[in-house]
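A.B. asks: Provided below for reference: sequence and predicted model.
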Amino acid sequence: NVRYLHSDVDTLERVEILRDLRRGDFDVLVGINLLREGLDLPEVSLVAILDADKQGFLRSKRSLIQTIGRAARNVRGQAIMYADAVTESMQYAIDETARRRALQAAYNEEHGITPQSTRRGIHELDASSGESDYVVIPVLKREEADDAAQSLEDRVEELRSEMMLAAEALEFERAAQLRDKLKALEHEQRKEERRDARGGGGAGGGDAKPGKSKGRAGMKQRPRR
């Protein structure tokens with residue numbers, strides 16, 4: 001199975017794709033121009049760079065080193081560059097990676113360290129978008145209800161800000177969890193608004209609709225002859 005990741009994929013959808021990759025729901029993730037997307041996952045054991053000899057920013061020395069490093073969290077990690085010729089950037093990335101690898105191997109041997117894959121928990125997202133995590137707000141007096149509504153609105157804005165900050169910091173799993181909580185609060189907010197709308201109407205004691213004058217007992221008056 002293959003999935004795609006590119007700049008048009010929504011930030012939170014990207015979280016779900018990466019989570020599914022870590023869970024083994026699919027085998028290959030094709031990334032398009034994702035140098036800065038923070039694909040730093042211990043489950044990635046193979047990075048294949050297509051058109052590695054193509055000139056451009058994404059095939060510069062630094063970019064190639066960063067892309068190769070996506071497999072650095074797995075003890076069996078390896079990177080394969082596909083090209084018709086070895087460019088200067090490719091050779092630099094190969095030499096620099098080998099240099100760093102030699103330093104790490106020497107350090108491990110000196111301190112008796114056996115390399116292991118990085119271990120990181122996979123946070124499950126709420127598939128129902130927080131439907132089981134609603135906030136229950138009791139019926140309050142008018143003044144208390146106004147305060148509660150304001151408090152709920154403030155909390156919604158606070159969560160939205162936290163979610164955006166987490167996404168900007170590439171903390172996508174935390175952003176997704178905040179997204180689920182935000183949807184739950186927004187759902188409760190809509191319920192409160194509907195409840196207030198129903199409670200804002202009259203109690204049936206309003207003025208009668210204007211109409212034609214009627215006589216006693218609601219009978220029409222007969223004209224006098």
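C.D. replies: The structure has been received and is ready for your questions. Because the structure is predicted, anything quoted here is derived from the model rather than measured.
A.B. asks: Make sure residue 47 is indeed in a strand.
C.D. replies: Yes: per DSSP: H, G, I helix; E, B strand; the rest coil, residue 47 lies within a strand segment.
A.B. asks: Quick check, it in contact with residue 70.
C.D. replies: Yes: if you go by CB atoms under 8 Å, residue 47 and residue 70 touch, sitting 4.9 Å apart. Bear in mind the C-beta positions are built from the backbone N, C-alpha and C, glycine included.
A.B. asks: intersection of neighbour lists for these two?
C.D. replies: residue 79 (CB atoms under 8 Å, 6 or more residues apart in numbering).
A.B. asks: which residues in the protein form helices?
C.D. replies: Using DSSP state H, the helices found in the chain span residues 11-23, 61-68, 88-110, 142-168, 172-199.
A.B. asks: So which of those helices is nearest residue 31?
C.D. replies: Nearest to residue 31 among these is helix 61-68 (8.8 Å), distances taken as CB to CB.
A.B. asks: got the angle for the closest one vs helix 88-110?
C.D. replies: 50 degrees (axes from the mean of the first three to the mean of the last three CA atoms, to 10 degrees).
A.B. asks: now the helices of the chain as JSON lines including mean pLDDT and mean neighbour count?
C.D. replies: Conversion of the helices of the chain to JSON lines gives the following (pLDDT from 0 to 100; neighbours: other CB atoms under 10 Å):
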{"stretch": "helix 11-23", "mean pLDDT": "84", "mean neighbour count": "18"}
{"stretch": "helix 61-68", "mean pLDDT": "89", "mean neighbour count": "18"}
{"stretch": "helix 88-110", "mean pLDDT": "94", "mean neighbour count": "13"}
{"stretch": "helix 142-168", "mean pLDDT": "70", "mean neighbour count": "14"}
{"stretch": "helix 172-199", "mean pLDDT": "78", "mean neighbour count": "17"}
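A.B. asks: Distance to residue 82 added to the ones you listed, as JSON lines?
C.D. replies: As requested, those are exported to JSON lines (distance: least, CB to CB, whole Å):
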{"stretch": "helix 11-23", "distance to residue 82": "21"}
{"stretch": "helix 61-68", "distance to residue 82": "12"}
{"stretch": "helix 88-110", "distance to residue 82": "11"}
{"stretch": "helix 142-168", "distance to residue 82": "32"}
{"stretch": "helix 172-199", "distance to residue 82": "28"}
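A.B. asks: Residue 119 is nearest to which of these?
C.D. replies: Closest among the helices of the chain, once you apply CB to CB, is helix 11-23, at 11.6 Å.
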